[in-house]
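In: coordinates only, sequence not included:
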């Protein structure tokens, strides 16, 4: 069975009006749409994961990696988990 490439969304969905990229995952609106397309190739997704991290400054990249790694292991981003925990 083929392993799914997990979306880089880390639950900070706010577009920066200057750069046009999401402040959480550094994707453009178009890239988000491409990720959701079931026909998008894994090669494109892998390449996009590399590209978006190149767009991030040091602190954003650190936060992204921490939350994305948590998402890969737990099925939910660290930020989303914290938001859910706060609601309890």
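Out: Right, received. Where do you want to start? Please read these numbers as outputs of a predicted model, since none were measured by experiment.
In: tell me the mean pLDDT for stretch 26-42?
Out: For stretch 26-42, the mean per-residue pLDDT is 97.
In: And residue 22, its phi and psi?
Out: phi -70, psi 140 (degrees, to the nearest 10).
In: from here on, count from 55
Out: Happy to do that; since the first residue is 55 now, the last one works out to residue 76.
In: Can you report how many residues neighbour the closest residue to residue 137 other than its chain neighbours?
Out: Closest residue to residue 137 apart from its sequence neighbours, by CB to CB, 6 or more residues apart in numbering: residue 65 at 7.0 Å. The way it works is simple: take the backbone N, C-alpha and C, and place the C-beta from them, glycine included. Residue 65 has 17 neighbours, counted by other CB atoms under 10 Å.
In: avg pLDDT for stretch 108-118?
Out: On average, stretch 108-118 scores 95.
In: circling back: surely the residue nearest to residue 137 is within a strand?
Out: No - counting by DSSP: H, G, I helix; E, B strand; the rest coil, residue 65 falls outside a strand, being coil.
In: I'd say it and residue 131 touch.
Out: Yes - using CB atoms under 8 Å, residue 65 is in contact with residue 131, at 4.6 Å.
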